[in-house]
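**Student:** What shape does this take:
(2 chains)
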Amino acid sequence: DQQVKQNSPSLSVQEGRISILNCDYTNSMFDYFLWYKKYPAEGPTFLISISSIKDKNEDGRFTVFLNKSAKHLSLHIVPSQPGDSAVYFCAGSQGGSEKLVFGKGTKLTVNP
Amino acid sequence: DTAVSQTPKYLVTQMGNDKSIKCEQNLGHDTMYWYKQDSKKFLKIMFSYNNKELIINETVPNRFSPKSPDKAHLNLHINSLELGDSAVYFCASSPRRDRSPLHFGNGTRLTVT
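**Tutor:** So this is what the prediction gives:
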């Protein structure tokens, strides 16, 4: 039962362009979402989060959009840089719980 | 200074053996976790501890036993290892039991042959 789905296993973009990573969730009780970035042989690192009371959160080049009616969120990276090449995980949680449910990740490659 | 450190980084062992993975955090966090990333790449929570107290215990076989001697350490002991236990195990910590972002270690790749 995949409560968080990242249907694109990989994405390739040119440096300087926009990267859009998508995430869908099935659990309507989820009210908090996070994105983590993971480089090979390292642990995931926190990138950005969004609460369900918002539909957008921005931090520098990273913006997360939340569409509750569609149970969909997306991470926009503008402009994309080669150092952004990594696996990006979407995660959700519900009811104040610290328990995160992760998607399978999307591997982003930013080509110079 | 590594914030969350796990040892060993790699662990290769045979079925039936018992092994342990150690985790230490120097961030002063109250809450620590074990996550498992299986072959399908899902990261799934196994356990969480808050100030040495077990908080979350997902449906993990009894062969897995976490131990937290103090709030800076959370070790994972696995008895009678099975092929299906092969995975990457990540330790993580957070300041408290809320939605603070997790700080992950670099993982321990366990291979059971």
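**Student:** Can you give the distance of stretch A:25-35 from its chain's centre?
**Tutor:** 11 Å (CA atoms, centre = their mean, to the nearest Å).
**Student:** contacts for that stretch?
**Tutor:** For stretch A:25-35, contacts defined as CB atoms under 8 Å, 6 or more residues apart in numbering or on different chains pick out A:2-5, A:21, A:23, A:46-52, A:62, A:64, A:66, A:71-73, A:75, A:88-95, A:100-101, B:99, B:101. From N, CA and C alone the C-beta is placed, and that goes for glycine too.
**Student:** For chain A, just list every one of the helices.
**Tutor:** In chain A, no helices are defined using DSSP state H.
**Student:** where exactly do the strands run in the chain?
**Tutor:** Since no chain was named, I'll use chain A. A:4-5, A:10-14, A:19-25, A:30-38, A:45-51, A:56-59, A:62-67, A:72-77, A:86-94, A:101-102, A:106-111 (DSSP state E).
**Student:** I was after chain B.
**Tutor:** Going by DSSP E, chain B shows strands at B:4-7, B:10-13, B:19-25, B:31-37, B:43-50, B:53-57, B:64-70, B:73-78, B:87-94, B:103-104, B:108-112.
**Student:** who touches the fifth one?
**Tutor:** Applying CB under 8 Å, 6+ apart, the external contacts of strand B:43-50 come out as A:44, A:89, A:91, A:98-100, A:102, B:30-38, B:54-58, B:60, B:64, B:66, B:68, B:71, B:74, B:76, B:90, B:96-97.
**Student:** In ChimeraX, how would I select the buried members of those residues?
**Tutor:** For the buried members of the contacts of strand B:43-50, the matching ChimeraX selection, counting by 16 or more other CB atoms under 10 Å in any protein chain shown, is:
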select /A:44,89,91,98,100,102 /B:30,31,32,33,34,35,36,37,56,60,64,66,68,71,74,76,90,97
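**Student:** Kind regards, and thank you for your time.
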